[in-house]
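1. Provide a 3D model corresponding to the input given below.
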Amino acid sequence: MNKAVFLDRDGTINVDKGYLYRICDFELLPGVVEGLKLLQDAGYLLIVISNQSGIARGYYTEEDLLSLHCWMTNMLGKEGVYLKGIYYCPHHPKGIIPKYSIQCKCRKPELELFYRAVDEYKIELSKSWAIGDKIRDCCICENSSCRGFLVGTNEKKEVIERVENHFYSTIQHVAGLYEAAKIIIQEDVGA
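-> The predicted model follows:
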């Protein structure tokens, strides 16, 4: 069985600029490459799981998103970081593109994308982590033995406070992905 880190994209890997799909707008957050390298070197599969409702809303196409993800994968690869998989949900019930304007089971906080990755890559959740800037990015932590990190300050203040006050027993709040990676590596060493 493999161990993995489930990563949100916008606000976790890159600056959240709202419905990002253009390469020229992509901006890595500080410490992301270093943090991903730490995790990769410790044997974690790096798996991105991202809500992309901009497709359902008509802001960009699925082809636009795939082009950005291809570019992002190549850019990170040049830095020695290799994403094992990228899963995304193109749906939103209030979208304007009929094909994508549905209530689905893959839009976080639903768990379908997590479980697809678990099945495809034979992931042991008790050895895995989720990292994201919204509490929904760590939804797998509430339903399994996976643990997680809420990063940054993009979530509502009261949610961040609840995480900091240990309302969620399996989720911690840290500044960013690099800080989360360092804690994960320390826990690995201590295990």
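
2. how about the helix ranked longest in the chain: buried residues?
-> Counting residues, the longest helix found in the chain (DSSP state H) is helix 62-78. By neighbour count with 16 or more other C-beta atoms under 10 Å, helix 62-78 contains the buried residues 64, 65, 68, 69, 72, 76. Every C-beta, even on glycine, is put in place using the N, C-alpha and C of the backbone.

3. repeat for stretch 103-122
-> So stretch 103-122, judged by 16+ other C-beta under 10 Å, has buried residues 106, 107, 108, 110, 111, 113, 114, 115, 117, 118.

4. Double-check residue 91 against residue 56; I have them as touching.
-> Yes - using C-beta atoms under 8 Å, residue 91 is in contact with residue 56, at 5.4 Å.

5. any idea where the helices of the protein begin and end?
-> Using DSSP H, helices in the chain cover 32-41, 62-78, 112-121, 157-164, 177-190.

6. Check the gap between the residue of the chain positioned farthest from its centre and residue 58 for me.
-> Ranking residues of the chain by C-alpha distance from their mean position (C-alpha atoms, centre = their mean) puts residue 98 at the top, at 26.1 Å. For residue 98, the distance to residue 58 (C-beta to C-beta, to the nearest Å) stands at 11 Å.
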